[in-house]
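Chemist: sequence and predicted model, in that order:
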Amino acid sequence: SSRRRHTRLQGDWSSDVCSSDLEKMYHGDGWYADGYYRQFDYYVPWAMQTYLLIAAKWRGGEFQRTIHERAAQFAQDYAWYFDSEGRHIPYGRSLTYRFSAAAFWSTAAWCEVPGIDPVQCREIAARNIAFFLNQPIFDEADRVTTGFAYPNSRINEGYISYASPYWCGKAFLLLALPEEHPVWHNKTPHPDLLPAPRGEKESKSVSLSLPGERVGVRGRVAQKHLSIPNLIITRSASGRNVTLYNGGAHHPFDLGSFAAKYGKFAYSSHFGFNLPDDTGASFDNMICLSLDGKRWSHRIRFEICPNQGDWLVSRHQPFPEFPDTIITTALRVVGPWHFRVHRLRLDREFIVREGGMPVACATDQPLTLTLSPQAERGNTEVASFSPSDGEKVRMRGLPVGCFRGDNGASGIWCRKGAGQPVRLGPFDDLNVLYRRVFVPALEARLPAGIHESVSACFADVVESPRPQDSVIPELNLERLDDGPLNIVTGAGRTWP
């Protein structure tokens, strides 16, 4: 029976697999998309790459060489998705499969892919599995529940069942390797989960531009631009926080909270992200519009515009019923900071709300809000107070809000525009990592017309934001602001 199934699988592969429909989903540098759109999510490692590696092991020949080359290329990028504690960046759909994210590494070791270190495969897979096994993901009968870091059915898509979390079992393929295999030989932990990737750089200072202003940042953060999905990933000096900044991947359909899972500006392995509440709102790392403060828009199905230098540029239409309202955004990453420049073309008055990274707070006690401009010689004000005070604080004359919580510090600073700091939350059982979080945000009511705003967002495990001076370039978003959205898919099609 097993032999018949194997033979049938072999027979299904054409002699020229590279000319099949599957090849239309290949974009280069080892990256496939999960379909004909720009769906660069975890289905690439745990499905496309994993199953192709298994098929290549059986098929052999030129097909195997091609698949191995692509897997080795992909590994250079995919290693960036994991932090030093084994967590992968929660992003995209089917997150309830949890450590299925490690399936690629187990399969690459099992298939002995040239160019991928088997010890690195073991370390990433083992740490990823260990992280989840140390979370409360089991029920009273020791069955794996749906959710991510804790049982949470809100994360589920329509196709998820109670058996779905067991897709995580693919990560155990590593255990099929015999004791004498090289993957088990080196018992010393791998010194760094990351390979020496192409395009790596350290962010030591920032040169970001607003006319006539100077802003800077401290700290060393490893940073890489993934050119095919058009993402930027950073890794903090401690290795405990890995953040994905999305400038080129989205999903054209919505099978459950896809705006929150694909459309945010940033996703963090340490801070997680929030799912929408019962009103459909999910404000962290989003810019949202509302007419009445009850129904809020999200960034979804966005147009990917040509990058301006190292700024990721995109446009989106907040509400399909208001086609003349368009938001164009440029995003630049500098260390633990990222900067967002928005050009809002509004056809009517809207409430505008923009959020930073969510901050965990396990108790009912209010978080301490720490605002620390702390210029080099400590000659400016430093304020600490409870967010329940409702006090508005300004840093160097500009509104800023920053929370320090159980998992670190997060802040958002209005550098240009009408945004005023607000505390959002508490949000219970909405964050994929933490039971209770707060979100620092900026809010403004803007009339119809064209508006420009600039925000600086900070999130780090241990430090509070300390802006220092540095020089900065201008962006031209006006030329992108005309005409309908043009959402190009992976196969050269457009949406819808």
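Modeler: Nice, I can see it. Numbering: from 1, shown residues only.
Chemist: how near is the closest residue to residue 101 other than its chain neighbours to residue 270?
Modeler: Nearest residue to residue 101, sequence neighbours excluded (C-beta to C-beta, 6 or more residues apart in numbering): residue 88, at 4.4 Å. All C-beta spots, glycine's among them, are computed from the backbone N, C-alpha and C. Taking C-beta to C-beta, to the nearest Å as the measure, residue 88 falls 11 Å from residue 270.
Chemist: so for the two, which sits in the more crowded spot?
Modeler: residue 88 (25 against 22; other C-beta atoms under 10 Å).
Chemist: on that earlier part again, isn't the residue nearest to residue 101 up against residue 79?
Modeler: No - Residue 88 is beyond contact range of residue 79, at 10.5 Å (criterion: C-beta atoms under 8 Å).
Chemist: so for the helix or strand hosting residue 57, mean pLDDT?
Modeler: Element membership for residue 57, per DSSP states H and E: helix 50-59. Helix 50-59 shows a mean pLDDT of 93.
Chemist: could you check how far that helix is from the centre of its chain?
Modeler: Distance of helix 50-59 from the chain centroid (C-alpha atoms, centre = their mean, to the nearest Å) equals 28 Å.
Chemist: still on that earlier bit, what residues are up against the residue nearest to residue 101?
Modeler: The contact partners of residue 88, taken as C-beta atoms under 8 Å, 6 or more residues apart in numbering, are 42, 81-82, 101-102, 128, 269.
Chemist: okay, the residues you listed in CSV with neighbour count and distance to residue 117 next?
Modeler: CSV is the format used below for the contacts of residue 88 (neighbours: other C-beta atoms under 10 Å; distance: C-beta to C-beta, whole Å):
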residue, neighbour count, distance to residue 117
42, 23, 21
81, 25, 16
82, 26, 14
101, 27, 18
102, 29, 15
128, 28, 16
269, 27, 21
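Chemist: now intersect those residues with the helices, please.
Modeler: Among the contacts of residue 88, DSSP state H puts residue 128 in helices.
Chemist: any chance of the contacts of residue 88 in TSV with pLDDT and distance to residue 334 as columns?
Modeler: Output for the contacts of residue 88, formatted as TSV (pLDDT from 0 to 100; distance: C-beta to C-beta, whole Å):
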residue	pLDDT	distance to residue 334
42	95	27
81	96	21
82	96	22
101	97	27
102	97	30
128	97	28
269	97	19
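Chemist: wait, residue 249 sits on residue 41?
Modeler: Yes - in this structure residue 249 lies within contact range of residue 41 using C-beta under 8 Å: 7.1 Å.
Chemist: could you pull out the helices for the stretch 251-400 of the chain?
Modeler: 258-262 (DSSP state H, counting those that start in this stretch).
Chemist: show me where it has its strands.
Modeler: Taking DSSP state E, counting those that start in this stretch, the strands of the stretch 251-400 of the chain run over residues 266-268, 287-290, 303-308, 311-316, 326-334, 337-346, 350-355, 359-360, 368-371, 383-385, 394-395, 398-405.
Chemist: which neighbours do residue 249 and residue 41 have in common?
Modeler: By C-beta under 8 Å, 6+ apart, the residues touching both residue 249 and residue 41 are residue 262.
Chemist: higher neighbour count, the two?
Modeler: residue 249 (25 against 22).
Chemist: which pLDDT value goes with the more buried one?
Modeler: 72.
Chemist: same deal with residue 19?
Modeler: Taking residue 19 on its own, its pLDDT is 49.
Chemist: about what we covered before: can you pull the buried residues of the helix or strand that the helix holding residue 57 is followed by?
Modeler: Next helix or strand after helix 50-59 toward the C-terminus (DSSP H and E): helix 61-78. By 16 or more other C-beta atoms under 10 Å, the buried positions in helix 61-78 come out as 63-64, 66-68, 70-78.
Chemist: give the next helix or strand downstream of helix 61-78.
Modeler: By DSSP H and E, the next helix or strand past helix 61-78 is helix 103-110.
Chemist: which elements pack onto that following helix?
Modeler: The helices and strands touching helix 103-110, judged by 3 or more C-beta pairs under 8 Å, 6 or more residues apart in numbering; DSSP states H and E, are helix 50-59, helix 61-78, helix 118-133.
Chemist: can I get the ones you listed in a markdown table including distance to residue 23?
Modeler: Shown next, in a markdown table, are these (distance: least, C-beta to C-beta, whole Å):
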| stretch | distance to residue 23 |
| --- | --- |
| helix 50-59 | 11 |
| helix 61-78 | 10 |
| helix 118-133 | 26 |
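Chemist: for residue 143, which of those is the nearest?
Modeler: Nearest to residue 143, of all those, is helix 118-133, at 13.8 Å by C-beta to C-beta.
Chemist: buried residues, that closest one. List them.
Modeler: Buried-residue list, helix 118-133, by 16+ other C-beta under 10 Å: 118-129, 131-132.
Chemist: name the residues that touch it?
Modeler: In contact with helix 118-133 (C-beta under 8 Å, 6+ apart) are residues 79, 82, 84-88, 98-99, 101-102, 105-106, 108-109, 112, 149, 168, 171-172, 174, 181-186, 189-190, 193, 195.
Chemist: pairing partners for the residue nearest to residue 101 in the sheet, please.
Modeler: Judged by DSSP bridges, the bridge partners of residue 88 are residue 82.
Chemist: any idea of the mean pLDDT for stretch 331-338?
Modeler: pLDDT averaged over stretch 331-338 gives 87.
Chemist: first vs last residue of it, how far apart are they?
Modeler: 7 Å (C-alpha to C-alpha, to the nearest Å).
Chemist: point out where the stretch 1-150 of the chain drops to low pLDDT.
Modeler: 1-19 (pLDDT under 70).
Chemist: switch to 90 and redo it
Modeler: Residue ranges of the stretch 1-150 of the chain with pLDDT under 90: 1-25, 33-39.
Chemist: before we move on, the earlier item: what helices or strands is the helix holding residue 57 leaning on?
Modeler: helix 2-12, helix 61-78, helix 103-110.
Chemist: just put those in CSV and tack on distance to residue 343.
Modeler: As requested, the helices and strands packed on helix 50-59 are exported to CSV (distance: least, C-beta to C-beta, whole Å):
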stretch, distance to residue 343
helix 2-12, 50
helix 61-78, 30
helix 103-110, 38
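Chemist: setting the sequence-adjacent residues aside, check what's closest to residue 28.
Modeler: Using C-beta to C-beta, 6+ apart, the nearest residue to residue 28 is residue 228, at 5.5 Å.
Chemist: so is the one you found in a helix, a strand, or just coil?
Modeler: Under DSSP: H, G, I helix; E, B strand; the rest coil, the three-state class of residue 228 is coil.
Chemist: so how far is residue 446 from it?
Modeler: 36 Å.
Chemist: ok, residue 340 next?
Modeler: Counting by C-beta to C-beta, the gap from residue 340 to residue 446 is 16 Å.
Chemist: between the two, which is the more surrounded one?
Modeler: Higher neighbour count among residue 340 and residue 446: residue 340, with 22 against 19, using other C-beta under 10 Å.
Chemist: from what I can see the more buried one touches residue 457, true?
Modeler: Yes - using C-beta under 8 Å, residue 340 is in contact with residue 457, at 6.9 Å.
Chemist: what's around residue 278, how many residues?
Modeler: 7.
Chemist: can you check the one 4 residues further on too?
Modeler: Residue 282 is surrounded by 26 other residues when neighbours are defined as other C-beta under 10 Å.
Chemist: pretty sure it sits against residue 258.
Modeler: No - using C-beta under 8 Å, residue 282 is not in contact with residue 258, being 10.9 Å away.
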